[in-house]
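> Got a predicted model here, sequence first, then my questions.
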Amino acid sequence: MSNSLHFNRRSIHSPMLFASLPQDVQDLLLAQAAEHRFADGQRIQYRGDNADGFWLIVEGSVSVGQFLPDGEFRGMALLGPGDSYGELALFAHRPRVVDAVSRGDSRLRLIRSTLFEQAIAGRPDAMRPMLGALAGQLQEMLEVIGGLRKGTSRARVAGMLATLARDQEPPVEIDITQEELAELLGLSRATANGALRELAKNGMIERRYGKIVVRDPGALRLLALA
C-alpha cells in the first residue's frame with residue numbers, strides 16, 4: 001500500500017487531522033496502525049463507545065451520523081480515502097457522539113491514542129497544522145448548521161453535489177443514493193427528489209440508479225450561492 005493517501009469525493013471541504021500531519025508522522029502511524037476490513041452496511045463505531053483512538057480510511061467510504069431510536073440513520077458527513085475521524089472525542093476524553101457505517105467494502109486503520117501521542121511528542125511542527133485542521137472542521141460545521149436554516153432545498157442540494165464533484169473534470173459520477181443525499185442535508189427524500197428532478201431538467205446533473213452524474217459543477221456552485 002502506498003504511504004500517500006489522497007482525498008476522494010467527500011462532503012467536507014476542510015482537511016482532516018491526519019492529512020495535516022508532517023509526512024514522516026503519517027508514515028510512522030501508517031506503519032504501526034492495525035488495519036480493519038468492513039463489509040457494506042457494517043457498523044464501524046457506535047455512539048457512546050470509548051474513544052481510544054481515531055480512524056483513517058484507506059479504501060472505500062464511510063457515512064458518519066447517528067441512528068435514531070426507530071433504527072433510521074441520519075447522516076452528517078460522507079468521508080473517503082485519506083479522511084480521518086474520531087479525533088475530537090479522543091482529545092476531549094469523552095465517548096463518541098456519532099455512529100459510523102461502511103458504504104460498500106472498506107479498509108480502515110485504527111490509530112490508537114498511545115501511538116498517536118508518541119508520534120507527535122516533541123513535535124511542535126505537527127501541532128499548529130493539526131490545530132488548524134480541527135479549527136477548520138469546527139468552522140465548517142458551524143457553517144453547515146447555519147446553512148440548514150436558510151437557502152432553498154434546491155440550492156442546498158446543488159451545493160452538496162458541487163462539493164462532492166470538486167476538483168474533478170465533468171462529467172463526475174458520484175456513488176450516492178437519493179436517500180443518502182437527503183440524510184446529509186437534513187431533507188426528506190421527497191424534497192431531495194424534487195430538487196434533483198429540477199437540477200436534471202436544467203441539465204446540471206443526470207440521475208442513475210444509486211448514482212448521480214454531475215455534468216455542470218459550475219452551474220451548481222452558482223445556484224448554491226444564489
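On my side now, so go ahead. Numbering: from 1, shown residues only.
> Spell out the residue ranges of the helices in the protein.
17-20, 23-32, 87-92, 113-120, 124-147, 153-164, 178-185, 189-201, 217-225 (DSSP state H).
> how is the protein carved up into domains?
Using automatic domain parsing, the domains assigned to the chain come out as 17-137, 153-225.
> Same list, those domains, but as a markdown table with mean pLDDT please.
As requested, those are exported to a markdown table (pLDDT from 0 to 100):
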| stretch | mean pLDDT |
| --- | --- |
| domain 17-137 | 90 |
| domain 153-225 | 89 |
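> Dump those domains to TSV, plus mean neighbour count.
Backbone N, C-alpha and C define where each C-beta goes, glycine included. Below are the domains of the chain laid out as TSV (neighbours: other C-beta atoms under 10 Å):
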stretch	mean neighbour count
domain 17-137	17
domain 153-225	18
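> quick one on the thing from earlier: so which of the helices of the chain comes closest to Leu56?
Among the helices of the chain, helix 17-20 comes nearest to Leu56, with 5.3 Å by C-beta to C-beta.
> which other residues reach that closest one?
Outside helix 17-20, the residues that touch it by C-beta atoms under 8 Å, 6 or more residues apart in numbering are 5, 7, 26, 29, 54, 56, 82-84, 87, 111, 129-130, 132-134.
> The helices of the chain into CSV, with extra columns for distance to Asp40?
Shown next, in CSV, are the helices of the chain (distance: least, C-beta to C-beta, whole Å):
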stretch, distance to Asp40
helix 17-20, 24
helix 23-32, 24
helix 87-92, 25
helix 113-120, 28
helix 124-147, 26
helix 153-164, 19
helix 178-185, 13
helix 189-201, 20
helix 217-225, 28
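> How much space separates the residue nearest to the spatial centre of the chain from Pro69?
Geometric centre of the chain, nearest residue: Leu79, 2.7 Å, by C-alpha atoms, centre = their mean. Per C-beta to C-beta, to the nearest Å, Leu79 is found 25 Å from Pro69.
> next one: Leu78
Taking C-beta to C-beta, one finds Leu78 at 23 Å from Pro69.
> OK, contacts around the residue lying closest to Ile120 once chain neighbours are set aside?
Closest residue to Ile120 apart from its sequence neighbours, by C-beta to C-beta, 6 or more residues apart in numbering: Ala126 at 4.8 Å. Going by C-beta under 8 Å, 6+ apart, Ala126 touches 21-22, 25, 120.
> Of the residues you listed, which is the nearest to Glu173?
Taking C-beta to C-beta as the measure, Glu173 lies nearest Leu21 of these, at 30.9 Å.
> I appreciate the help and will end here.
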